[in-house]
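Enquirer: Take a look and give me a structure for this.
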Amino acid sequence: MLNIVLVEPKIPPNTGNIGRLCVNLGARLHLVEPLGFDIGQKALRRAGLDYWKELDLTLWSSLGTFLSRHPIDGSFHLATTKAERLYWDDRYERDDFLIFGSETEGLPADLIEENMQRCIKIPMSEKGRSLNLSVSVGIVAYEALRQIETGSER
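Expert: Model prediction:
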């Protein structure tokens, strides 16, 4: 089972869409607080549709708490526009952690700097600054699933 980790997400429909994606992938969703919304918010439930009740969800009180339980190792893939390595060049396996930052701030700078070898990016044109969070999660998660299911890299 893949683990999708959202660090301090801010926009409820993005998280709802990602929850729906996780149910369809058979992935676990980890939400790291503080969240920019109430977990029972209508916009979150609307985006997640009837999938939300099927979601394997874990809430974490802070990034430090999450990392104390799941220390960063080779199973971690940190998505950031600051990375050099493209997401499809990484190797994904069952139970890996795909880590995404908030829509407004991304992942903490110190986390990226300390773990640059674990960082991945999605290529974009020079005109682009970033992609929507739920789109980014879908792109990386389905590459991970492709590798896991076929037993092969690109």
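Enquirer: counting contacts, what elements does the lengthiest helix in the chain pack onto?
Expert: In the chain, assigned by DSSP state H, the helix with the most residues is helix 133-150. On a contact count with 3 or more C-beta pairs under 8 Å, 6 or more residues apart in numbering; DSSP states H and E, helix 133-150 meets strand 3-7, helix 12-25, strand 76-79, strand 97-100. Yep, even glycine has a C-beta here, placed from its N, CA and C like the rest.
Enquirer: Including mean neighbour count, mean pLDDT and distance to Leu67, could those go into CSV?
Expert: Shown next, in CSV, are the helices and strands packed on helix 133-150 (neighbours: other C-beta atoms under 10 Å; pLDDT from 0 to 100; distance: least, C-beta to C-beta, whole Å):
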stretch, mean neighbour count, mean pLDDT, distance to Leu67
strand 3-7, 23, 98, 10
helix 12-25, 22, 92, 20
strand 76-79, 22, 98, 10
strand 97-100, 24, 98, 10
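Enquirer: Please name whichever of the ones you listed is nearest to Lys127.
Expert: Closest approach to Lys127 among the helices and strands packed on helix 133-150 (C-beta to C-beta): strand 76-79, 19.9 Å.
Enquirer: Return the list of helices and strands in contact with the closest one.
Expert: Packing partners of strand 76-79 (3+ C-beta pairs under 8 Å, 6+ apart): strand 97-100, strand 119-120, helix 133-150.
Enquirer: Tell me the spacing between the residue lying closest to Arg20 once chain neighbours are set aside and Tyr142.
Expert: Excluding its sequence neighbours, the residue lying closest to Arg20 (C-beta to C-beta, 6 or more residues apart in numbering) is Tyr51, at 4.4 Å. Distance of Tyr51 to Tyr142, computed by C-beta to C-beta, to the nearest Å: 17 Å.
Enquirer: List the beta-bridge partners for Gly106.
Expert: Using DSSP bridges, the beta-bridge partners of Gly106 come out as Ser102.
Enquirer: thought Asn3 was touching Phe100?
Expert: No - using C-beta atoms under 8 Å, Asn3 is not in contact with Phe100; the gap is 11.4 Å.
Enquirer: what does the model give Arg46 for pLDDT?
Expert: Listed pLDDT for Arg46 reads 67.
Enquirer: same deal with Ser152?
Expert: pLDDT at Ser152 comes out at 69.
Enquirer: same deal with Gly40?
Expert: Gly40 is assigned 74 on the pLDDT scale.
Enquirer: Am I right that it sits in a strand?
Expert: No - using DSSP: H, G, I helix; E, B strand; the rest coil, the assignment for Gly40 is coil, not a strand.
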